[in-house]
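Undergrad: let's see this in three dimensions:
(one chain, ligands or ions: 1)
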Amino acid sequence: MISGLQEDGIIEHAGRAGAPDDCVVRKAAMHDIGPILGLINGYAAKGIMLPRTEMEVSEDIRDFSVIVTAGRLVGCGALHFYTPYIGEIRSLAVAEDAKTHGIGRRLIEALVREASSYSLDAVFAFTYVADFFRKMSFEEVERGELPLKAWKDCVRCPKFQCCDEIAVMRVLRPEYCRHFQRDRELEESALVQLPVLRASSPATP
Ligand SMILES: CC(C)(COP(=O)(O)OP(=O)(O)OC[C@H]1O[C@@H](n2cnc3c(N)ncnc32)[C@H](O)[C@@H]1OP(=O)(O)O)[C@@H](O)C(=O)NCCC(=O)NCCS
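TA: I've put the predicted structure just below:
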């Protein structure tokens, strides 16, 4: 239930059985950066998530939504755009002591709603918790079905050569299939042949 608009975006009370009554989902603000980093990098230290720096989260802060209860940030997640048609849900984390109370679900719902409000056709995620995402109506997909740009973060991942994350996707609008085909064609046509240096033939007089 959307209960009000505030300076930093739509505020929604979680209201789901199990979730604390005063849980509020809202867009992140700069003062959330510290707690967001605490959550993400806590899991990154266990190899569950990619680490983020203060600069990265500052740059991407408009991607983030957070969930707050009793003045404490207990969850975060981000929607990152890749093409006009598809976005990634990433940096999803719920505090250890707040897990299994519906907070992850509320974050996904808020991020999917945001994606729909931008008329995205689909959202995807790379994850170790595919079963959680299945419950959120995502389906497992081949990595090759995702835009090449989605791989840009992978290059700096310690598991780049032996990645065991699962790609999942939730289609929001059936137009996705048509746009996906077009994106693939554009990506293929964007492959640029670099000039090849050849042994130079003796200069003609
Ligand atoms: C994955 C995570 C975000 C889930 O958050 P959460 O608040 O505990 O999840 P919810 O309570 O909203 O669970 C929603 C449903 O998913 C299920 N679920 C939660 N975690 C699950 C998991 N790891 N595996 C399978 N199902 C899971 C719940 O049982 C619940 O099912 P139900 O609706 O049938 O009761 C949280 O466990 C987390 O932060 N994990 C560590 C970081 C991480 O892995 N992030 C994902 C990066 S892509």
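
Undergrad: contact partners for residue 58?
TA: Applying C-beta atoms under 8 Å, 6 or more residues apart in numbering, one finds that residue 58 lies in contact with 30, 33. C-betas here are computed from N, CA, C, even on glycine.

Undergrad: check which helix or strand covers the residue in the chain that the ligand sits nearest to.
TA: Going by C-beta to the nearest ligand atom, the ligand is nearest to residue 104 of the chain, at 2.4 Å. Residue 104 is part of helix 103-117, with elements assigned from DSSP states H and E.

Undergrad: just checking: what are the partner strands of the helix or strand just after that helix?
TA: Moving toward the C-terminus from helix 103-117, the next helix or strand (DSSP H and E) is strand 122-127. As defined by DSSP bridges, the strand partners of strand 122-127 come to strand 86-94 (parallel), strand 166-171 (antiparallel).

Undergrad: what's the nearest residue to residue 57 if we skip its chain neighbours?
TA: Nearest non-adjacent residue to residue 57, counting by C-beta to C-beta, 6 or more residues apart in numbering: residue 33, 5.2 Å away.

Undergrad: then residue 165?
TA: For residue 165, ignoring the flanking residues on the chain, the nearest one in space by C-beta to C-beta, 6+ apart is residue 126 at 4.3 Å.

Undergrad: can you pull the contacts of the one you found?
TA: With the criterion set at C-beta under 8 Å, 6+ apart, residue 126 makes contact with 88, 90, 150, 165-168.

Undergrad: the residue nearest to residue 57 falls within a strand, correct?
TA: No - assigned with DSSP: H, G, I helix; E, B strand; the rest coil, residue 33 falls outside any strand and is helix.
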